[in-house]
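Participant: Pasted the sequence and its predicted model underneath.
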Amino acid sequence: MKKEIAGVTLEVVQGDIAKQEDVVAIVNAANAQLKTGGGVAGAIHRAAGPELAKECQPLAPIEPGEAVITGAHNLPNQYVIHCLGPVYGRDEPAVELLADCYRNSLQLAEEKKITSLAFPAISTGTFGYPLNEATEVVFTVISELIANLNQLNKIRFVLFSDSDFETYKHKLSTLTY
Ligand code: AR6
């Protein structure tokens with residue numbers, strides 16, 4: 001589903017973050033070392049090929065909430081923005097650190113004049129952040145910043161499971177701005 005707010009199209013889709021051909025950049029739910037891993041990081045590194053890990057190496061380690069940008073190598077995009085989300089129950093304040101992932105990604109995208117960006121649900125897999133709570137954080141940040149985005153005209157949220165997809169769709173449909 002889609003919704004346009006302040007000239008920016010917000011989209012919620014179900015699928016694989018590594019197969020978003022029509023966006024300029026994708027966001028990785030990375031680990032601190034910016035290496036391949038499970039979930040999103042595994043899918044992105046597998047599709048990008050080993051040159052991505054090589055480009056990442058000098059940028060690591062990163063802190064929770066931080067974001068860095070690289071090329072996308074064999075992925076169908078131009079850039080990958082790598083974010084380290086908080087581990088739920090360990091990295092505090094969790095809400096702020098998760099919000100920082102989204103804020104810092106949007107800022108990097110603006111700096112690079114990126115017009116379209118796809119996010120996974122950062123921290124909600126291995127890192128254990130409850131999807132409902134994470135969804136609140138995501139849409140709060142988007143509401144705060146959307147009017148200040150000058151380059152981005154499309155932000156897509158890519159959800160893997162049926163229930164995560166339904167949660168995001170519901171949140172977007174009820175988003176008031
Ligand atoms: N496309 C879109 N979403 C996906 C995909 C995919 N290909 N695969 C999983 N998801 P996670 P985190 C969903 O674990 O919690 C890694 O091993 C998944 O269902 O990828 O930030 C890294 O190396 C979940 O809802 O990221 C780190 O060590 C969401 O994406 C650590 O896990 C995020 O799950 C990062 O953990």
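Facilitator: Arrived safely.
Participant: Okay, now the unreliable bits of this protein?
Facilitator: For the chain, no stretch has pLDDT under 70.
Participant: Regarding it, what is its longest helix?
Facilitator: Looking across the chain with DSSP state H, the single longest helix is helix 94-111.
Participant: If you drop the residues flanking it in sequence, what lies closest to Gly89?
Facilitator: Excluding its sequence neighbours, the residue lying closest to Gly89 (CB to CB, 6 or more residues apart in numbering) is Gly128, at 6.7 Å. (C-beta placed from N, C-alpha, C; glycine too.)
Participant: count of neighbours near that neighbour?
Facilitator: Residues within reach of Gly128, counting by other CB atoms under 10 Å, total 13.
Participant: re the thing from before, strand partners of the helix or strand following the longest helix of the chain, parallel vs antiparallel please.
Facilitator: Per DSSP states H and E, the first helix or strand lying C-terminal to helix 94-111 is strand 116-119. Under the criterion DSSP bridges, strand 116-119 sits next to strand 25-29 (parallel), strand 154-159 (parallel) in its sheet.
Participant: can you pull out the helices in the protein?
Facilitator: Under DSSP H, the chain gives helices at 39-48, 50-56, 94-111, 131-145, 162-173.
Participant: between the ones you listed, which gets nearest to the ligand?
Facilitator: helix 39-48 (2.3 Å; CB to the nearest ligand atom).
Participant: Surely Ile146 and Ile5 touch.
Facilitator: Yes: the pair Ile146 / Ile5 is scored as a contact, 5.4 Å apart, by CB atoms under 8 Å.
Participant: one step back: mean neighbour count and distance to Ala121 for the helices of the chain - can I get that in JSON lines?
Facilitator: JSON lines is the format used below for the helices of the chain (neighbours: other CB atoms under 10 Å; distance: least, CB to CB, whole Å):
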{"stretch": "helix 39-48", "mean neighbour count": "21", "distance to Ala121": "9"}
{"stretch": "helix 50-56", "mean neighbour count": "16", "distance to Ala121": "21"}
{"stretch": "helix 94-111", "mean neighbour count": "20", "distance to Ala121": "10"}
{"stretch": "helix 131-145", "mean neighbour count": "18", "distance to Ala121": "6"}
{"stretch": "helix 162-173", "mean neighbour count": "16", "distance to Ala121": "6"}
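Participant: Can you add distance to Ile69 and give those helices back as CSV?
Facilitator: What follows is the helices of the chain, written out as CSV (distance: least, CB to CB, whole Å):
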stretch, distance to Ile69
helix 39-48, 13
helix 50-56, 10
helix 94-111, 5
helix 131-145, 17
helix 162-173, 24
